[in-house]
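Asker: I'd like to go over a predicted model; first the sequence, then the structure.
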Amino acid sequence: MITIRRSNERGHADHGWLKSYHTFSFASYQDPDHMGFRSLRVMNEDRVASGQGFGTHAHQDMEIVSYVLDGELEHKDSMGNGEVLRPGEFQRITAGTGITHSEFNPSSEHGTHFYQIWLLPERKGLEPGYQQKAFEAADRQNKLQLVASRDGQDGSLLIHQDARIFLADLTAGNELSYPLPTGRHAWLQVLRGDASINGKPLTAGDAAAISDESELRMVASHSAELMLFDLT
């Protein structure tokens, strides 16, 4: 079964400096039919104006993954980390027992476009942690690149949940297949471009919730950047 979540059906918030689309209920956008999918709880597509950002705020008991498509995102937190996240880089924060952090666009000229993703952790009260990594772009050209996993396989970021996150850049007409074992579920998020999943067309911002499918076939209509989640 594949259920499509269209880009134009998402919640939307426009704060001037921040334009955000919420796939699942978040902040003032509350939709009881879209509270998350399996361990996925938040899937926000954010655009932050130059010189603007999120002031210091708190998180607890959540695995937070951020991925920058365009621009830069400057991060500072209560664990002593101070980093700039650039296009193609991933960040993982284990909020655990509690952290505070801020996120700003350090550019005076250009906006920042990024995805912020929250997953429920496998248990509460984890020790807070932080990772940031740039992955080789060539390793996701027309193939799935593992960027986060429960065991840090193949140098991927470590997330405290039975989940695997993949990134792929597909050129027009190319196809990827992914076997989905019985009892597993998947979420496909189209970051850029156009693609199909088992024959169902998707465009940028669209997503698909997938259950009871033995194989996923992803085909790029033109070029496409995809993020695939394998979930328990």
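Answerer: Structure's in. What do you need?
Asker: which helix or which strand is home to the spatially most central residue of the chain?
Answerer: Geometric centre of the chain, nearest residue: I117, 4.4 Å, by Cα atoms, centre = their mean. In the assignment (DSSP states H and E), I117 maps to strand 112-119.
Asker: and the strand ranked longest in the chain, what does it pack against?
Answerer: Using DSSP state E, we find that the single longest strand of the chain is strand 215-231. Here strand 215-231 touches strand 163-170, strand 175-179, strand 185-197, going by 3 or more Cβ pairs under 8 Å, 6 or more residues apart in numbering; DSSP states H and E. Quick note: C-beta positions are derived from backbone N, CA and C, even for glycine.
Asker: just read off the phi/psi values of the residue nearest to P32 when sequence neighbours are not counted.
Answerer: Ranked by Cβ to Cβ, 6 or more residues apart in numbering and with sequence neighbours excluded, the top spatial neighbour of P32 is S25, at 7.6 Å. Phi and psi for S25, reported as degrees, to the nearest 10, are phi -50, psi 130.
Asker: who's in contact with S25?
Answerer: Going by Cβ atoms under 8 Å, 6 or more residues apart in numbering, S25 touches 11, 31-32, 34-36.
Asker: E74: which of those residues is nearest?
Answerer: E74 has its nearest neighbour among the contacts of S25 in G11, at 26.0 Å by Cβ to Cβ.
Asker: beta-bridge partners for that closest one, please?
Answerer: Beta-bridge pairing for G11 (DSSP bridges): H22.
Asker: for it, grab the count of nearby residues.
Answerer: Counted by other Cβ atoms under 10 Å, the residues lying close to G11 total 18.
Asker: that one and G53, how far apart?
Answerer: Distance, G11 to G53, using Cβ to Cβ, to the nearest Å: 21 Å.
Asker: then M43?
Answerer: 20 Å.
Asker: in terms of neighbours, single out the busier of these two.
Answerer: Shown here are M43 and G53; by other Cβ under 10 Å, M43 has more neighbours (25 against 17).
Asker: beta partners of that one?
Answerer: Under DSSP bridges, the beta-bridge partners of M43 are I117.
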